[in-house]
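# Fold the following, please.
(one chain, ligands or ions: 1)
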Amino acid sequence: MAQLSYARYGKDNIRLYKVEKDAKSGVQTVVEQTVCILLEGDIDTSYTRADNSVVVATDTQKQTCYILAKQNPINPPEKFAAVIGTHFVETYSHIHAAHVKIIQHRWTRMNVDGKPHPHSFFRDGEELRVVESVTREGEGISIRSKIEKLLVLKSTGSAFHGFHRDEYTQLPETWDRILSTEVEAGWKWKLFKKLADVKSVDFDGAWKAARDITMKTFAVDSSASVQNTMYKMCEQILDAVPLVEAVDYALPNKHYFEIDLSWHKGLKNTGKDATVFAPQSNPNGLIECTVTRAGPKSKL
Ligand SMILES: O=c1[nH]c(=O)c2[nH]c(=O)[nH]c2[nH]1
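Residues are numbered from 1 along each chain as shown. As a prediction, this is how the structure comes out:
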């Protein structure tokens, strides 16, 4: 005998673009997103007994996404995710939870002849703003905001020494190294009871604070390790955004190896003379942490 242990279904990769046109100034503002909606509820019979009467078609979910985008602001993505999730849980009595993920792509306004252009934009990097939300009937709306794919590098101001050494250790200590990573940072909001509670939150301000703290700390910290630098970032984000209950980072350590060129006419390219390096694509360190305000340590 088999049983359905867990099920959810929906539409992934819904591509969405919305333009706002200010008739007076002629200035237009654009937002582009990729949306994923996954529904949970009393849907077991659609799997076990071919009962499609309980299925809100994934095409309906996509159409709903477009309609809600027309009727509501889609930025900040946290609020739009909560609008979508609440719609499905409130509209269908047999749908009890909606998982909504929104990836927001960058369109940065062009400066032309020193002035912001009214309707032209460019992609200034692959960085993404991401929202993962779950709206659950009778519980509320949980939201995790994220920065992904923010590639950063500092050419000095980073050290790594004093680490455990034994017969397996080959890595030399360093007091001056290149530090580069692709930032994945998340901040989990305290549970919102209802949509109205989400509406008053400054999600854009929190995103900007998290991004600024990440960049500034990365730049100015005399880094003892990726671990210590990321912890400092988490502490500051918790301080800056009172409604956030946990901050997490996942930072790959993108290594740049020294190249000994002394074999060629005694060329000096190591230690303080190192200027030409070999960027490594793999393997890479991967350092992760979650920092919360208080309470007992949970096993992650
Ligand atoms: O900041 C670092 N943390 C580590 O845990 C580690 N391990 C390593 O080889 N290099 C580094 N750098």
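
# okay, CA-based contacts and neighbour counts for the rest of this
OK.

# Residue 285 and residue 207: what is the separation?
When Cα to Cα, to the nearest Å is the yardstick, residue 285 and residue 207 sit 26 Å from each other.

# What of residue 38?
Separation of residue 38 from residue 207 (Cα to Cα): 25 Å.

# between residue 285 and residue 207, which one's more packed in?
Taking residue 285 and residue 207 together and counting by other Cα atoms under 10 Å, residue 207 has the greater number of neighbours (20 against 13).

# Confirm that one sits in a helix?
Yes: Residue 207: assigned to a helix according to DSSP: H, G, I helix; E, B strand; the rest coil.

# Just list the residues touching it, thanks.
Contacts of residue 207 were listed using Cα atoms under 8 Å, 6 or more residues apart in numbering, and they are residue 145.

# Can you tell me the SS state at residue 79?
When classified by three-state DSSP, residue 79 comes out as helix.

# My guess is it contacts residue 199. True?
Yes: counting by Cα atoms under 8 Å, residue 199 is a contact partner of residue 79 at 6.5 Å.

# and the two? which has more neighbours close in?
residue 79 (24 against 15).

# Quick check: the more buried one vs the ligand, distance?
36 Å (Cα to the nearest ligand atom, to the nearest Å).

# What of residue 253?
Note on residue 253: its distance to the ligand, by Cα to the nearest ligand atom, is 7 Å.

# Could you pull up the residues touching the nearest residue to that residue once chain neighbours are set aside?
Using Cα to Cα, 6 or more residues apart in numbering and skipping the chain neighbours, the partner closest in space to residue 253 is residue 285 (4.7 Å). Residues near residue 285 by Cα under 8 Å, 6+ apart: 252, 253, 254.

# do the same with residue 29
19, 20, 21, 119.

# isn't the first one right up against residue 28?
Yes: Residue 19 is in contact with residue 28 according to Cα under 8 Å; the separation is 6.6 Å.

# These two: who's more crowded?
For residue 19 and residue 28, the more surrounded residue by other Cα under 10 Å is residue 28, and the numbers stand at 15 against 12.

# And the residue in the chain sticking out farthest from the centre, which helix or strand is it part of?
Distance to the chain centre peaks in the chain at residue 265, reaching 48.0 Å (criterion: Cα atoms, centre = their mean). With elements taken from DSSP states H and E, nothing contains residue 265; it lies in neither a helix nor a strand.

# Could you list which residues are in contact with the residue lying closest to residue 157 once chain neighbours are set aside?
Counting by Cα to Cα, 6+ apart, the nearest residue to residue 157 once its immediate chain neighbours are dropped is residue 222, at 5.1 Å. Each residue near residue 222 by Cα under 8 Å, 6+ apart is listed here: 157, 158, 159.

# What number of residues are in the vicinity of the closest residue to the last one other than its chain neighbours?
In space, and not counting its chain neighbours, residue 159 is closest to residue 175: 4.3 Å by Cα to Cα, 6+ apart. Number of residues near residue 175 (other Cα under 10 Å) recorded here: 13.

# So residue 175 sits against residue 156, correct?
No: under the criterion of Cα under 8 Å, residue 175 makes no contact with residue 156, lying 9.3 Å away.

# For whichever strand or helix holds residue 111, which strands pair with it and how are they oriented?
Secondary structure from DSSP H and E places residue 111 in strand 108-112. Applying DSSP bridges to the sheet, strand 108-112 is found paired with strand 115-122 (antiparallel).
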